[in-house]
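Participant: Give me the fold of what follows.
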Amino acid sequence: MLARAVDTDSRNIPPSGQSAAAQPSRSRNSIRVVILVGLGLAAALRLYGLGAQDFWLDEIHSMVTAAGRHAEFEALPHGVVLPGLRLFSEPVGKTGWHDVWRDLEDDSHPPIYFLLFQSWRRIAGDGEFTARLPAAVFSVLSLIPLALVFGELGRPKAGVWIVVGLAAAYAHIHMGQQCRPYSLGMLLVAISYWSIVRLETRWVILARTARIACVVIYGVSTYMAVMTHYFTVAAMAGQVVLVALFFRGALLRTWAFALVAAILAFAVTWGSQLSAQYEFTTSQSWLLENDPHHVWRTLLRFADLPYRLLFMHEAFRLSVVRSALCLFLLVVVVVLLRRHRRREATVFAAWYIAGAGMFAVFDVLTGTQTLSHVRYVSVLAPGLVGMIVPAVLGLSRLGRLLAAAVFGIAVVFTLSVPTQDNPHNRKAAALIAERTAPDTLLVFDAIGWPPFWASQIYHNVAHYLARHPESMNLPLLLLRDEPDEALRREIEEFARLVVVSPRVDAIPNPVPTRFQPVERTAHVHQIGRVYVFERGLR
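Facilitator: Residues are numbered from 1 along each chain as shown. Okay, the predicted model is just below:
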């Protein structure tokens with residue numbers, strides 16, 4: 001060993017005027033510069049058009065929850081004429097963290113993101129750009145621990161490629177442009193993986209205080225991740241595989257202690273709220289898939305997942321050919337990784353494969369389709385890219401160039417920034433405001449649609465109707481069932497109805513014997529049409 005350490009082969013002698021330490025230092029500096037460029041690219045893609053699009057349904061949900069008014073919103077009555085519009089995304093009085101904590105009993109999310117978002121709103125306001133800015137920052141920051149993982153495992157150059165790959169990955173950008181918990185969850189999971197890798201690689205050489213610090217970082221990041229979103233558990237399932245493969249003795253006991261401490265902290269601080277959420281969560285049926293071929297469709301989604309994480313955020317139309325191609329390429333990646341047997345490949349392969357498998361099992365057992373929604377599985381994107389990178393780097397120079405070219409071409413043809421839909425809520429709000437007249441009833445009709453649809457679409461539009469104060473005093477009616485005789489008589493007291501409806505099966509006139517249709521606007525994306533009916537003779 002000593003002979004190898006002092007080998008003076010001419011190939012190892014640095015050029016004249018350079019020390020042996022100067023070359024590695026220069027190489028590290030170059031890598032850091034390229035990583036910074038990659039982070040800059042990631043920031044540019046996430047900030048571009050960040051405030052140009054409307055808040056969508058789940059983002060409005062974030063604002064309602066951060067205002068501590070989710071329970072009030074869920075209790076909004078249907079089939080009753082209300083005296084005026086209510087805006088639940090705005091806090092009433094001095095809403096504190098305790099209000100959000102208590103209000104989440106009627107929700108299916110843990111609290112960390114919403115507590116932070118509440119504080120951020122007080123500082124920055126509710127504009128589309130400012131509300132989404134923390135998510136963009138979390139998304140960019142989450143790339144740093146991933147590069148550090150490769151550095152800990154002796155492959156710092158590979159860290160450059162995971163940063164660049166995720167900077168352009170569609171799902172990663174998409175989650176970085178929404179005021180939702182997902183990008184914060186990705187950041188915390190990435191920190192958790194970095195800390196567990198650092199523990200494994202440096203356990204023997206770390207001083208006692210450094211070990212304690214690393215264990216604390218792991219425990220806190222794990223606890224915070226689950227307190228940000230429950231589905232981060234699937235991403236961290238791969239850590240159990242890593243521990244089983246590489247941890248022994250005191251290191252294993254220390255990891256188990258940190259994990260148990262995180263679990264106990266979760267149980268103590270959030271266990272009662274999680275139990276209270278059970279009834280609300282189980283009552284949500286929109287994720288269910290009533291299809292006799294559900295297991296087969298789940299397998300297709302599992303195989304198709306790399307395509308949706310890298311290039312397209314949603315793909316509800318399943319394709320056997322696309323799924324088969326994705327599965328074939330994933331198998332090729334796994335074969336290449338087995339041939340090189342590198343530690344970093346094991347880390348990221350465990351992250352992705354264990355997590356995706358956990359989602360697939362969950363879908364099969366519960367009859368749901370969480371794999372269809374990239375926001376839930378986006379936390380697996382770093383694992384996917386992290387296992388692809390060492391597989392590609394193990395190829396010949398030509399193979400690496402071809403892989404990079406294919407990825408670049410695919411990104412060019414599929415990348416769409418910003419990833420949010422075109423403005424639609426503010427368009428619907430403007431159409432309603434233009435049609436406001438004395439003695440008008442505003443109706444949100446979603447008969448035949450999911451029960452929550454009328455209230456959700458109402459609140460999406462109401463957030464932007466607040467920019468038209470004259471419309472906020474309109475009487476309001478939410479319909480998810482045909483009105484009974486008493487409600488029909490109450491509707492007949494108005495001279496004009498402005499009806500917002502996604503229905504295409506019929507003209508949504510609640511009292512066709514009394515009101516005549518006078519106008520129907522063009523279709524508004526994710527909203528439907530705005531109809532105007534005026535009272536006529538019987």
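Participant: rest of the way, CA atoms for contacts and neighbours
Facilitator: OK.
Participant: So for the helix or strand containing residue 41, mean pLDDT?
Facilitator: Assigned by DSSP states H and E, residue 41 belongs to helix 22-47. Mean pLDDT, helix 22-47: 84.
Participant: From the contact counts, what lies against that helix?
Facilitator: helix 128-141, helix 156-167, helix 170-175 (3 or more CA pairs under 8 Å, 6 or more residues apart in numbering; DSSP states H and E).
Participant: Kindly calculate the angle that that helix makes with helix 128-141.
Facilitator: Interaxial angle of helix 22-47 relative to helix 128-141 (axes from the mean of the first three to the mean of the last three CA atoms, to 10 degrees): 150 degrees.
Participant: for stretch 140-152, which positions count as buried?
Facilitator: 140-152 (16 or more other CA atoms under 10 Å).
Participant: What does residue 497 show for phi and psi?
Facilitator: phi -120, psi 130 (degrees, to the nearest 10).
Participant: quick one: contacts for it?
Facilitator: 440-443, 531-534 (CA atoms under 8 Å, 6 or more residues apart in numbering).
Participant: got the contact list for residue 334?
Facilitator: residue 391.
Participant: What subset of the contacts of residue 497 is buried?
Facilitator: So, by 16+ other CA under 10 Å, the buried ones in these are 440-443, 531-534.
Participant: out of the residues you listed, which are inside helices?
Facilitator: With helices taken from DSSP state H, there is no overlap with the buried ones among the contacts of residue 497.
Participant: And those residues, which is closest to residue 451?
Facilitator: Among the buried ones among the contacts of residue 497, residue 443 lies closest to residue 451 (CA to CA), at 15.1 Å.
Participant: Bridged to the closest one, which residues?
Facilitator: residue 477, residue 499 (DSSP bridges).
Participant: What distance do you get for it to residue 516?
Facilitator: 15 Å (CA to CA, to the nearest Å).
Participant: Can you get me a residue count around the residue nearest to residue 522 when sequence neighbours are not counted?
Facilitator: Nearest non-adjacent residue to residue 522, counting by CA to CA, 6 or more residues apart in numbering: residue 529, 6.2 Å away. Residue 529 is flanked by 21 other residues according to other CA atoms under 10 Å.
Participant: Where does pLDDT dip in the stretch 101-250 of the chain?
Facilitator: The stretch 101-250 of the chain contains no residues with pLDDT under 70.
Participant: ranges for the helices of it?
Facilitator: Along the stretch 101-250 of the chain, the segments classed as helices by DSSP state H, counting those that start in this stretch run 112-124, 128-141, 143-152, 156-167, 170-175, 182-202, 208-226, 232-246, 249-282.
Participant: hmm, who's touching stretch 73-82?
Facilitator: Under the contact criterion CA under 8 Å, 6+ apart, stretch 73-82 has outside partners 64, 88, 106, 455, 475-481, 483, 487.
Participant: just the residues you listed now: which is nearest residue 134?
Facilitator: Of the contacts of stretch 73-82, the one sitting nearest to residue 134 (CA to CA) turns out to be residue 64, at 17.2 Å.
Participant: Just give the closest residue to that closest one, not the sequence neighbours.
Facilitator: Residue 64's closest residue in space is residue 89 (CA to CA, 6+ apart), at 4.1 Å.
Participant: Give me the buried stretch members for the helix or strand containing residue 428, please.
Facilitator: Element membership for residue 428, per DSSP H and E: helix 425-434. Buried positions in helix 425-434, judged by neighbour count with 16+ other CA under 10 Å: 425-433.
Participant: Identify, from these, the entry nearest to residue 496.
Facilitator: With CA to CA as the yardstick, the closest approach to residue 496 among the buried residues of helix 425-434 comes from residue 432, at 12.2 Å.
Participant: Can you give me every residue that contacts that closest one?
Facilitator: 471, 498, 530.
Participant: Next, count neighbours for the residue nearest to residue 64.
Facilitator: Neighbours of residue 89 (other CA under 10 Å): 23.
Participant: pretty sure it is in contact with residue 59, am I right?
Facilitator: No. Here residue 89 lies out of contact with residue 59, judged by CA atoms under 8 Å, at a distance of 10.1 Å.
Participant: what's residue 89 in contact with, if anything?
Facilitator: Listed by CA under 8 Å, 6+ apart, the contact partners of residue 89 are 60-61, 63-67, 69, 463.
Participant: same question but for residue 57, I mixed them up
Facilitator: By CA under 8 Å, 6+ apart, residue 57 lies in contact with 456-457, 460.
Participant: domains for the protein, by residue range?
Facilitator: What automatic domain parsing lists as the domains of the chain is 39-51+127-414, 425-535.
Participant: now the longest one, how far from the centre of its chain.
Facilitator: Going by CA atoms, centre = their mean, to the nearest Å, the spacing between the C-alpha centre of domain 39-51+127-414 and its chain's C-alpha centre is 11 Å.
Participant: try stretch 500-519
Facilitator: 37 Å.
Participant: List the buried residues in that stretch.
Facilitator: Quick answer for stretch 500-519 (16+ other CA under 10 Å): 500-503, 508-511, 514-517.
Participant: Show which residues not belonging to that stretch make contact with it.
Facilitator: 442-447, 482-483, 488, 491-492, 496, 499, 526-538.
Participant: Likewise for stretch 141-152?
Facilitator: 39, 156-160, 162-163, 166, 183, 186-188, 190-191, 193-194, 197-198, 201, 344, 382.
Participant: Provide a ChimeraX selection command restricted to the buried entries of the residues you listed.
Facilitator: To isolate the buried subset of those in ChimeraX, counting by 16+ other CA under 10 Å, use the following:
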select :39,156,157,158,159,160,162,163,166,183,186,187,188,190,191,193,194,197,198,344,382
